[in-house]
Structure formats: structure tokens, C-alpha cells
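Undergrad: need a 3D model of the sequence below.
(chains A and B)
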Amino acid sequence: MSGGVTYVTDTMREAQGKWGENRTSPPITETDIRRWSIATFYPEKPPRIYWDPEYAAATRWGGIIAPPDFNPFAWSFDRGPSARLSMRGQRPDGSAVTGMNGGQTDTYGVPMRPGDAITERSRLIGWWEHEGRLGHTLFVRSEVEWRNQHNEHVRTRLSIGVRF
Amino acid sequence: MSLRFKDIQVGDRLPEWSRQTSFPEWNRYAAVNHEFVPFHMDDEAGRAAGNPKGAFGMGNLRYAYIVNALHDWIGDEGIVREAGCQHRVLNCKDDVLTVVGEVTEKVIEDGEQRVRLEINVVNQDGVPTCPGHAVVVLP
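TA: As a prediction, the model looks like this:
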């Protein structure tokens, strides 16, 4: 921190370390997975495991699975942890900060499949601030855990949000 | 066809995996990830967010390229168990992003044959943009 400026809010201080409320994704469909893989492999055709049920049935997975980075919450009405005040920070004048993705580490459990509904919980771990190329900048560390409807671990993401 | 654990050596390199990125790639990703952020869609908004070159790409798409490169390497029988990266340099329009990686360790852990790699995403100027790591499980 520099010159006493901080983008850290009381809401963040209160939320630190506490798991927030769960949210559950809409059921994943084959179309969701196919479109996701087309977008992320574009302009090449994605692997068949992501869109061909007949091919996928003959693999160790026995059916279509989603790419590891697939986001089942993309088109939810609840915009999730990054949109929540407890994760955002605020300028001293009350104006909104600009947010960017600083990076992440994901640990994966079982793959997501069509029909799965994923339940998420998240928490703010901590933060630090410094004066950088973008001026005063707040770095927010958070953890997001996903489980499927069988309570199997799907993914844990530790991420850094950049706020300036 | 999947890669086999016995065939991997420390020092092996991930086959290079490249994409040229601009609005055709970013707009598709915005559509599937509901990521319609102005600085990914509009040059003026990109400049206002600190990038003199204008709009810039999503960190999550660059991350997708990492896991896709890993999948194309290990095949359908392999598993990406862990992947991580730091977004150090912005992805500007028409950048050619190439995922590169090198095997640093082979271990048997929790009953799995795991291969650890150092990963990066290098742009067309040879600039490393996204240092990271990955762990894959192989049959």
C-alpha cells in the first residue's frame, strides 16, 4: 500500500476466509460442451470426445465429457463471485474499479458431463496492493470449489483478480 | 491414441500449439463464456483500460489454449489433473499465441502416473506472456 490509499473495503475485510453461499449451475447439455469446444479450439475442429457421442462411448469415459476449463455458470443469472462486492474492492471516491484476470491454478477431479449440475462455493482468501504500471492496484486472491450432483470434486480454482 | 507414461522422459517438450487471436476468436469465447467485457470488444475501451494497442483478449481463453494443448498432446485417455498460469502480458489483436512446455518431473502419486510440466504461452515476438505449470495423468 502507498500513501494510505486502499481499495480494500469493509465488506472484503468481513468476508475474508469465509465460504459464501452455494450456487448451482443449470444442467450441462451436449450443446453447451460442443459450442464451448468449438470456440476454444477455433478455427480447428475440436476433439471428438467433446462432441461425438458414438466416439465418446468407446473411450474410458463412456460418453461425452467437457473440456477441463468449461464453465457451466457462464449463462447463469447469478453472475457469481467476481461480481460480488466482497471480491471487488472500491476506489476511495466510491467509483468502480476495473477488474482483470491475473491468473489461476486449477486442480481437477472428475470431468463434467452432459446432465451434470455443478454446485459452487467460494471465498476471499486475501489481498495485497501496490503502485504499478496501472497506478494503485489491488490484487485479490480467491478460492472457488466445484462439486457435481454426486458431491464428487470437479475443480478447485485459486485465482488472482487484478483491480485498478 | 493416447500418450503413455513409460514413453515420457524429463526434458520432453510439449508439441507447440498455436492460434492467431483477434475478434473472431475473442467474440466466440465471449459468446460461450458470457464474457462481454468492453475492453475485449472495443479498442477505445481497451485503451481506457491501459492498453495503447486497444482491445485485448481474455486471460481465460489463453488458459483454454493451455489445457487444449495438453489435451491434444495426451489424448482422450489422459487426464489434466492441474494447470495454472499467471497473465503477465496482454494478448493484443493478431497476436500468434503458442503454448510451449517441458516435462520437469515424472512421479507416481496417489496411485496415478503423473507428469509435471513447466508451461508458457509465447507470442509472435518470442515474448513469454503466461508462465505456468501443469500436471497430467497418463496410462
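Undergrad: pretty sure residue A:137 contacts residue A:130?
TA: Yes - in this structure, residue A:137 is within contact of residue A:130 by CB atoms under 8 Å, at 6.1 Å. From N, CA and C alone the C-beta is placed, and that goes for glycine too.
Undergrad: which of the two has more residues huddled nearby?
TA: More neighbours surround residue A:137 than the other of residue A:137 and residue A:130, with 20 against 10 (other CB atoms under 10 Å in any protein chain shown).
Undergrad: show me what the host helix or strand of that one is packed up against.
TA: For residue A:137, the enclosing helix or strand under DSSP states H and E is strand A:135-147. Judged by 3 or more CB pairs under 8 Å, 6 or more residues apart in numbering or on different chains; DSSP states H and E, strand A:135-147 is in contact with helix A:85-88, strand A:119-132, strand A:153-163.
Undergrad: switch the cut-off to 10 Å
TA: helix A:10-15, helix A:85-88, strand A:99-108, strand A:119-132, strand A:153-163 (3 or more CB pairs under 10 Å, 6 or more residues apart in numbering or on different chains; DSSP states H and E).
Undergrad: these: lowest mean pLDDT?
TA: Mean pLDDT is lowest for helix A:85-88 among these, at a mean of 67.
Undergrad: next, work out how far apart the closest residue to residue A:17 other than its chain neighbours and residue A:101 are.
TA: Spatial nearest neighbour of residue A:17, chain neighbours left out: residue A:123 (6.4 Å); criterion: CB to CB, 6 or more residues apart in numbering or on different chains. Residue A:123 is 18 Å from residue A:101, where distance means CB to CB, to the nearest Å.
Undergrad: what sits against residue 110?
TA: Using chain A. By CB atoms under 10 Å, 6 or more residues apart in numbering or on different chains, residue A:110 lies in contact with A:61, A:65, A:116, A:147, A:148, A:150, A:152, A:153, A:154, A:155, B:79.
Undergrad: if you could check chain B rather than the one you did, that'd help
TA: Neighbouring residues of residue B:110 by CB under 10 Å, 6+ apart: B:81, B:137.
Undergrad: show the pLDDT at it.
TA: With respect to pLDDT, residue B:110 has a value of 95.
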